[in-house]
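S.K.: Give me the fold of what follows.
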Amino acid sequence: MADPVAPSFKGIALFTPGGDCVYCIDEHKRAHWHLDLCAALQTHLGLAEPPYFLLPCFTATVDRWVNPADQTLVTVAEAYPRALRFQALLNALFGLGHLEWQPNYGSAEECSVALIESYRSAFPQLWECHDLIVRVDQAIAMVDPAGPTGAMDANNPPPLKPQPHRFKLFVNGMDTAATEKMLRLLHQALETTLPSAYTLQVIDVTTHPDEAEAAHISATPTLLQVSPGPVRRVVGNVLSQEQMMQLLA
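M.R.: This next block holds a predicted model:
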């Protein structure tokens, strides 16, 4: 399986008590990602403020680099107990095959059940499952010190940002092997073909039959490209990453 990015990268995933996930993949290993992930949850779930109390208890972190001595890949992957049950999803998101994640039992006080539960009434959305899997791009702009500064040129306005890609993947939650395979292929294809951020919502038709009916889903897995339009549909199992890339092209 191909790596999702360059051989050296850092990946961070933040889960909610309900099972939603926001994550990032960063080749430059900057320091603000945990805050960005909390801000992303605030935006996508309509929270009154970023849920910083989820840190670090609901996080998983992978760090991969090339050992200069023998040019071998070194991978260190750790997850807090509340995130450890999502190993299959984490491996799919970060392109890690069947890597065994190590448990992190630190920060016992911050991760106490009583403390986390005390936030439930203020953040009820976090305890609901929205089948949300969102990759967060760099939120803080990197300014080029050698680039131009000053007021914006009215005659040369900045180009319009492309419309973000939104996908819905309808799966049968009982068929975990097919779901994990589809997620791996889809993740690799999206990371390779799309130049900007995307949102992927995974919907289990066995627990959300109303959404499947509204989207006219007759078979699983079915992938919908919701935006940019027009809506596109990929039905059935895809055998390879190349096929997936051709379908998304």
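
S.K.: contacting residues for the residue lying closest to residue 45 once chain neighbours are set aside?
M.R.: Closest residue to residue 45 apart from its sequence neighbours, by Cβ to Cβ, 6 or more residues apart in numbering: residue 125 at 4.4 Å. The C-beta positions use only the backbone N, C-alpha and C, and glycine is treated the same way. Applying Cβ atoms under 8 Å, 6 or more residues apart in numbering, we find residue 125 in contact with 18, 45-47.

S.K.: Quick check: residue 125 is in a strand.
M.R.: No - counting by DSSP: H, G, I helix; E, B strand; the rest coil, residue 125 is located in no strand; its state is helix.

S.K.: what's the domain layout of this protein?
M.R.: With domains defined by automatic domain parsing, the chain comprises 9-135, 165-248.

S.K.: would you list those in JSON lines and tack on mean pLDDT?
M.R.: Converted to JSON lines, the domains of the chain look like this (pLDDT from 0 to 100):
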{"stretch": "domain 9-135", "mean pLDDT": "88"}
{"stretch": "domain 165-248", "mean pLDDT": "76"}
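
S.K.: nearest spatial neighbour of residue 223, skipping sequence neighbours?
M.R.: Nearest non-adjacent residue to residue 223 (Cβ to Cβ, 6+ apart): residue 234, at 4.2 Å.

S.K.: Quick one: list the elements packing against the helix or strand hosting the one you found.
M.R.: Counting by DSSP states H and E, the element that carries residue 234 is strand 232-235. Strand 232-235 makes packing contacts with strand 222-227, helix 241-248 when contacts are defined by 3 or more Cβ pairs under 8 Å, 6 or more residues apart in numbering; DSSP states H and E.

S.K.: Tell me the gap between the first one and the middle of its chain.
M.R.: In other words, strand 222-227. A distance of 16 Å separates the centroid of the chain from that of strand 222-227, by Cα atoms, centre = their mean, to the nearest Å.

S.K.: Output the contacting helices and strands for it.
M.R.: Contacts defined by 3+ Cβ pairs under 8 Å, 6+ apart place strand 222-227 against strand 165-171, strand 232-235.

S.K.: Just give the number of residues close to the residue nearest to residue 78 when sequence neighbours are not counted.
M.R.: Closest residue to residue 78 apart from its sequence neighbours, by Cβ to Cβ, 6+ apart: residue 104 at 4.5 Å. Around residue 104 there are 18 other residues, counting by other Cβ atoms under 10 Å.

S.K.: same question, residue 41
M.R.: A count of nearby residues for residue 41, using other Cβ under 10 Å, gives 25.
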